[in-house]
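Enquirer: Sharing a sequence plus its predicted fold:
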Amino acid sequence: MERSLTHIALFAALIAVLGLVPQITLGAGVPITAQTLGVMLCGTVLGARRGALAVLLFMALVAAGLPLLSGGRGGIGVFTQPSAGYFIGFPFAAFVAGWVMERTTLPVGIAAGAASVIGGIAVLYIFGISGMAIVLGKTLSEAAMLGMAFLPGDVIKVVLAGLVTQAIAQARPGSLLSRPQTLPVSAFN
Amino acid sequence: MLTLTSPVETPLHRLPAGAKLAGLAVFTLGLFQISNLWVLAGLALALAALQLSFGRRFASHALRMLKPLWPFVLVLALWHLWTGALADGAFLVLRMGLAVAAANLVTMTTRLSDMLSVFEMLARPLSPLLPPRRLAMAFALVIRFIPNLAERMALLAQAHRARSARRPGWRLVVPAALAALDAADQAAEALRARGGAD
């Protein structure tokens, strides 16, 4: 039980710290940060339940007023910004990525990449694009056009999520909680 | 760690956090029912005046917190210059700015600990699933470990720079994730040795 709690807390901290990694700006001036990579990793490393809980914990601290979102953003205003949909979609993205990871028997790296595409891109974009459509007063297809600006960066992050999860599986096989363990470890028991 | 709470004491700091959050929810829902540009402009003026009345330092802090919105303002401006519906563009920019500025006002006038207490209270119906003490412990662990992990990341970046002329960038993610996993295992052992998390 303590192990679940500390893994959830440490991955919440990891998302925050990845937001501090200096952002790279893609050609069109769209910033990409490692923060969504952290969200994907929560799912692929911790699994659905714990991954989503880690993301929720991070979100609670951001909403409470810690400037932990990339670019030093934070506070309750993250729920009303045009990018609020992405923020609200984070735990769903981590949950779905973890769910996919838990249910496939593919090799770890490929499974993590696939899980990140489904959770970190497909699911996250549904939330993110809906959010932009509402706040910016645009139709879903118009908002989708804006959202596509982030796609190249997210494709890079999916590849990284696969590589990083693979590296973790090799270095700390016992810590990859999204995959069956020799010793059963379950959340909050 | 720095929070977004304003060091400038205002009368709003003394209101209970729960009341401010409830007020904000009502304000934001109401905001999306307004369809008149002039009502929005009036509200924006009133909010700006309120923030200015708390002093220049407070107002400039509030303005800085609106900075992440400018790419969206730019997109809306270009879009509506293109379509020619300028009033619609102004309406959307004002509504977006008001929604974010009002929320920022609550963040700036509420201490982190008060906000977390409200969250812990809101999570109380979930207590069979999520014991309140465990939630409080989780908040404390994250706040404790963010500077710790950030420091390790900085050390990793320095070590990388000592070996290579290239920027470390994403190469830090694997050792950072491993550091988080190891710290989690150590913290779990330490908690268990002290009688568990509850």
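Expert: Structure's in. What do you need?

Enquirer: near chain A at all, the host helix or strand of B:Gln186?
Expert: Assigned by DSSP states H and E, B:Gln186 belongs to helix B:173-193. Yes. Judged by Cβ under 8 Å from any Cβ of the partner chain, helix B:173-193 and chain A are in contact via B:173-174, B:176-178, B:180-185, B:187-189, B:191-192. Where you see a C-beta, it was placed from the backbone N, CA and C, and this is true even at glycine.

Enquirer: for whatever residue of chain B ends up closest to chain A, what are its contacts?
Expert: With Cβ to the nearest Cβ, the shortest gap between chain B and chain A falls at B:Thr107, namely 3.1 Å. Counting by Cβ atoms under 8 Å, 6 or more residues apart in numbering or on different chains, B:Thr107 touches A:65, A:74-77, B:4-5, B:65, B:115.

Enquirer: what about the helices in the chain?
Expert: In the absence of a named chain, chain A is used. With helices called from DSSP state H, chain A shows them at A:2-18, A:35-46, A:48-64, A:84-103, A:108-116, A:124-136, A:140-147, A:151-171.

Enquirer: actually it's chain B I care about, not the one you picked
Expert: Taking DSSP H as the criterion, chain B carries its helices at B:17-31, B:37-53, B:56-65, B:70-83, B:86-108, B:112-122, B:132-163, B:173-193.

Enquirer: tally of neighbours for the residue nearest to A:Asp154 when sequence neighbours are not counted?
Expert: Spatial nearest neighbour of A:Asp154, chain neighbours left out: A:Ile121 (5.3 Å); criterion: Cβ to Cβ, 6 or more residues apart in numbering or on different chains. Residues near A:Ile121, counting by other Cβ atoms under 10 Å in any protein chain shown, number 21.

Enquirer: returning to what we had before: could you export the contacts of B:Thr107 as a markdown table, including neighbour count?
Expert: Below are these laid out as a markdown table (neighbours: other Cβ atoms under 10 Å in any protein chain shown):
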| residue | neighbour count |
| --- | --- |
| A:Gly65 | 25 |
| A:Gly74 | 23 |
| A:Gly75 | 27 |
| A:Ile76 | 25 |
| A:Gly77 | 26 |
| B:Leu4 | 22 |
| B:Thr5 | 19 |
| B:Met65 | 24 |
| B:Met115 | 26 |
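
Enquirer: out of the residues you listed, which one sits closest to A:Met101?
Expert: Taking Cβ to Cβ as the measure, A:Gly74 is the one of these closest to A:Met101, at 28.7 Å.

Enquirer: List the contacts of residue 98.
Expert: The chain I'm using is chain A. For A:Gly98, the contacting residues are A:42-44, A:46-52, A:115, A:119, A:178, by Cβ under 8 Å, 6+ apart.

Enquirer: think we crossed wires, I meant chain B
Expert: Per Cβ under 8 Å, 6+ apart, neighbours of B:Leu98: B:31, B:40, B:43-44, B:47.

Enquirer: Which positions within the helix holding B:Gln186 qualify as buried?
Expert: Neighbour-count burial for helix B:173-193, with 16 or more other Cβ atoms under 10 Å in any protein chain shown as criterion, is recorded at B:173-181, B:183-185, B:187-188, B:191.

Enquirer: List just the nearest of those to B:Ile143.
Expert: B:Ala187 (13.1 Å).

Enquirer: if you skip the residues just before and after it, what's nearest to that closest one?
Expert: Once flanking residues are discounted, B:Ala187 sits nearest to A:Thr6: 4.2 Å by Cβ to Cβ, 6+ apart.

Enquirer: Run a quick neighbour tally on that neighbour.
Expert: Counted with other Cβ under 10 Å, A:Thr6 comes out at 27.

Enquirer: And stretch B:189-198, how far out from the chain middle?
Expert: The chain centre lies 31 Å from the centre of stretch B:189-198; the measure is Cα atoms, centre = their mean, to the nearest Å.

Enquirer: Endpoint to endpoint, that stretch covers what distance?
Expert: Terminal residues of stretch B:189-198 lie 14 Å apart, using Cα to Cα, to the nearest Å.
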